[in-house]
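A.B. asks: Got a sequence here, can you build the structure:
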Amino acid sequence: MKSIIFACTLALCAGSARAAPLVFDDIVYSTVTFAAVGAATDSDFDDSHSNTLPWLTSSEAVGDLGGAASAFAIADHAFLSAGADAVGGPDGSSGLGSAEFFGSFIADGKPILIALDAATAGTGNAIRLIVIGNGGPLLDRSWTSGGLHQAYLDIAAGTIGSIDIIVTSGVDALPGDLASASASASFGVTAVPEPSTLAFTVVAGLCAFGALQGRHLRRRRNPLVPRSS
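C.D. replies: So this is what the prediction gives:
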């Protein structure tokens, strides 16, 4: 019975050490789209200061003689997506979609883990992660391919910073060509315990559990050994 209680206690300790969402003082989502076919252009813009998530921002410039272009950008909670299509008429065409998350925070001394699960199709995509702390850059990374991308930062308590995640897709089609691109990223930003602290907690728990199991084995081999209170 003691073994079961100890195992449950260890599980609860591990659960309490899991990452917790980072608290942001201000969050802004924004989207920008642009499409051009020759001299014809369309553009759109949204941001969460004046709108409620989720939303789809789209632009479409349809020209004559076979040229066409369109773009889109999607913003939702912890999700960004952008895409563009273009068919080059006599004057060519282009499209651009961009979706952005911006959040400001005050660090509480726990390291920050940023994880982006991205998917891309076509060329002309970029997923950019920018972290600023105390007015200076802490991280600036860009990806053009999908997959899981992570960044781990140890930020001192009281640091005033921001996290900026931008998903962009842009295409240009010359006369007679066509192009398409799309990118998306779901993401999470969490405050996590120090790796050394977490490791010590788990190892100490396993050692204690092993000692308890060893005591039970010795008692089975020698039933005259008195039980500890």
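A.B. asks: A39: neighbour count?
C.D. replies: Residues within reach of A39, counting by other C-beta atoms under 10 Å, total 8. Heads up, the C-betas are built off the backbone N, CA and C, glycines and all.
A.B. asks: what's the nearest residue to it if we skip its chain neighbours?
C.D. replies: Counting by C-beta to C-beta, 6 or more residues apart in numbering, D91 is the residue found nearest to A39 once chain neighbours are left out, at 7.7 Å.
A.B. asks: Ok, A75 next?
C.D. replies: Per C-beta to C-beta, 6+ apart, closest to A75 is Y29, 4.2 Å.
A.B. asks: if I look at that neighbour, how far off is S145?
C.D. replies: 24 Å (C-beta to C-beta, to the nearest Å).
A.B. asks: Which one's more surrounded, the two?
C.D. replies: Y29 (25 against 11).
A.B. asks: Look up which residues are beta-bridged to the more buried one.
C.D. replies: F101 (DSSP bridges).
A.B. asks: again with S186
C.D. replies: F79, D117.
A.B. asks: ok, the spatially most central residue of the chain - contacts?
C.D. replies: Centroid-nearest residue in the chain, with C-alpha atoms, centre = their mean: F187, separated by 2.2 Å. Contacts here follow C-beta atoms under 8 Å, 6 or more residues apart in numbering; on that basis F187 touches 78-80, 101, 114-117, 165.
A.B. asks: domains for the protein, by residue range?
C.D. replies: 1-17+195-223, 23-192 (automatic domain parsing).
A.B. asks: Would you reformat those domains as CSV and include mean pLDDT?
C.D. replies: Listed next are the domains of the chain as CSV, based on pLDDT from 0 to 100:
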stretch, mean pLDDT
domain 1-17+195-223, 42
domain 23-192, 94
